[in-house]
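This is a predicted model, with the sequence first.
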There are 2 protein chains.
Amino acid sequence: MNIGTAARQSGVPAKTIRYYESVGLIQPADRTAAGYRVYGREDVETLRFVQRARSLGFSVEEVGSLLTLWRDRSRSSAEVKALARHRVADIDRKLSELTEMRDTLIHLMERCHGDARPDCPILQGLAGKSPEKVAKSAH
Amino acid sequence: MNIGTAARQSGVPAKTIRYYESVGLIQPADRTAAGYRVYGREDVETLRFVQRARSLGFSVEEVGSLLTLWRDRSRSSAEVKALARHRVADIDRKLSELTEMRDTLIHLMERCHGDARPDCPILQGLAGKSPEKVAKSAH
DNA sequence: GCTTGACCTTCCTGTTGCTGGAAAGTTCAA
DNA sequence: TTGAACTTTCCAGCAACAGGAAGGTCAAGC
């Protein structure tokens, strides 16, 4: 099948498939005489795997490792689990960062009338001229 | 004061200050005869404002709007609050996305021994060959 | 045999928000 | 006068693609 069909069947856009090939995430596809990339059912499965891993937030590089582990029938599940653990730790970091941002914003918004008056505690908070801490960690 | 001093006092790296100037977020600084940028106390305040807004996740463009509103003594607080609301909505979207990723990963990890055995439900889950949904939304 | 339209190819640019580095000029103190 | 510690501009690169240009290919319909 051509790249467009593989794209439809895997859910990975053709452009992205080419990109993945160019960065070495997936093997270069075979070509027809005219230079068209050719894909088989296995390739589509690989692409789906990649797609799912990416949607869970694994970086392209991490997906590369996962693919290697996936293909290695003798790998230990511990290696895979370690990657997943890292991913969860990443997510947790981002979650707490976002939660803190959210809390601060909500706090500022609660004090803002949100009407036609120019008085605005949000801006005052950002300017650091008022109440308490606005941004605790710049990260 | 020079850019390095302004950087130290505002918490915004000199490189970043130049960048903000280059993209029009902040006004071009005055220059000495030799071409060195010169900053005053007000500029440092502006930089701090920018820094805080960025740390709350506002995009550089949004910070531009906030700066305009900040300087406009006659703006309505409603405009500011609307920007903040958008920001919170963004954050909420990201939070639920991350939470969903996390749940899925935890779910997969719970079933993985994480030892030397090759059997790994995480990979099976990513391959889509097993249990239930792995990635509900590719987004 | 020819056209048309849907494919496909590569290559280049742009996105966001910086950061690092090179090459060169400036300032200030010892 | 020399040296360190600034500063300047410009160019590249990070992640992970997306958009688009210019051109080749393929299959169907006439």
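Arrived safely.

what residue lies at the spatial centre of chain A?
residue A:57 (3.7 Å; Cα atoms, centre = their mean).

three-state assignment of residue A:57?
coil (DSSP: H, G, I helix; E, B strand; the rest coil).

Would you mind measuring from the residue nearest to it when sequence neighbours are not counted to residue A:54?
The shortest distance from residue A:57 to any non-neighbouring residue, by Cβ to Cβ, 6 or more residues apart in numbering or on different chains, is to residue B:101 (5.1 Å). Heads up, the C-betas are built off the backbone N, CA and C, glycines and all. Look at residue B:101 and residue A:54: by Cβ to Cβ, to the nearest Å, they are 11 Å apart.

Ok, residue A:105 next?
29 Å.

go on, residue A:79?
19 Å.

give me the number of residues near the residue nearest to residue A:57?
Using other Cβ atoms under 10 Å in any protein chain shown, residue B:101 has 24 neighbouring residues.

Phi, psi for the closest residue in space to residue A:31 that isn't next to it in sequence please.
In this structure, residue A:31 finds its nearest non-sequential neighbour in residue A:37, 6.1 Å apart by Cβ to Cβ, 6+ apart. Dihedral pair for residue A:37: phi -70, psi 140, per degrees, to the nearest 10.

Would you confirm that residue A:37 contacts residue A:26?
No - when contacts are counted by Cβ atoms under 8 Å, residue A:37 is not listed as touching residue A:26 (10.8 Å).

May I have the worst-scoring helix or strand of chain A on mean pLDDT exported as PDB, CA atoms only?
Every helix and strand in chain A was compared by mean pLDDT, DSSP states H and E; the lowest is helix A:121-127, with a mean of 90. Taking C-alpha atoms only, helix A:121-127 is exported to PDB below (Å, rounded to 0.1, in the frame of the first residue of the first chain):
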ATOM      1  CA  PRO A 121      -6.000  43.000  40.900                       C
ATOM      2  CA  ILE A 122      -4.800  40.600  38.200                       C
ATOM      3  CA  LEU A 123      -2.600  43.200  36.700                       C
ATOM      4  CA  GLN A 124      -1.600  44.500  40.100                       C
ATOM      5  CA  GLY A 125      -0.700  40.900  41.000                       C
ATOM      6  CA  LEU A 126       1.400  40.500  37.900                       C
ATOM      7  CA  ALA A 127       3.100  43.800  38.600                       C
END
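
which strands and helices sit next to that helix?
helix A:77-110, helix B:41-55, helix B:60-71, helix B:77-110 (3 or more Cβ pairs under 8 Å, 6 or more residues apart in numbering or on different chains; DSSP states H and E).

residues touching the residue nearest to the centre of chain A, list them.
A:87, A:90-91, B:98, B:101 (Cβ atoms under 8 Å, 6 or more residues apart in numbering or on different chains).

of all these, which two lie farthest apart?
A:87 and B:98 (10.7 Å; Cβ to Cβ).

if we can go back for a sec, what is the distance between the least confident helix or strand of chain A and the centre of its chain?
Distance, stretch centre to chain centre, for helix A:121-127: 32 Å (Cα atoms, centre = their mean, to the nearest Å).

Pull the contacting residues for residue A:21.
Contacts of residue A:21 by Cβ under 8 Å, 6+ apart are A:27-29, A:37.

again, 6 Å this time
For residue A:21, the contact set (Cβ atoms under 6 Å, 6 or more residues apart in numbering or on different chains) comprises residue A:28.

burial of residue A:30, as a residue count?
Around residue A:30 there are 11 residues (other Cβ under 10 Å).

Contacts only, for it.
Taking Cβ under 6 Å, 6+ apart, one finds residue A:38 in contact with residue A:30.

Spell out which residues of chain A are next to DNA strand D.
A:13, A:15-16, A:19-20, A:32-36, A:54, A:59-61 (Cβ under 7 Å from any atom of the strand).
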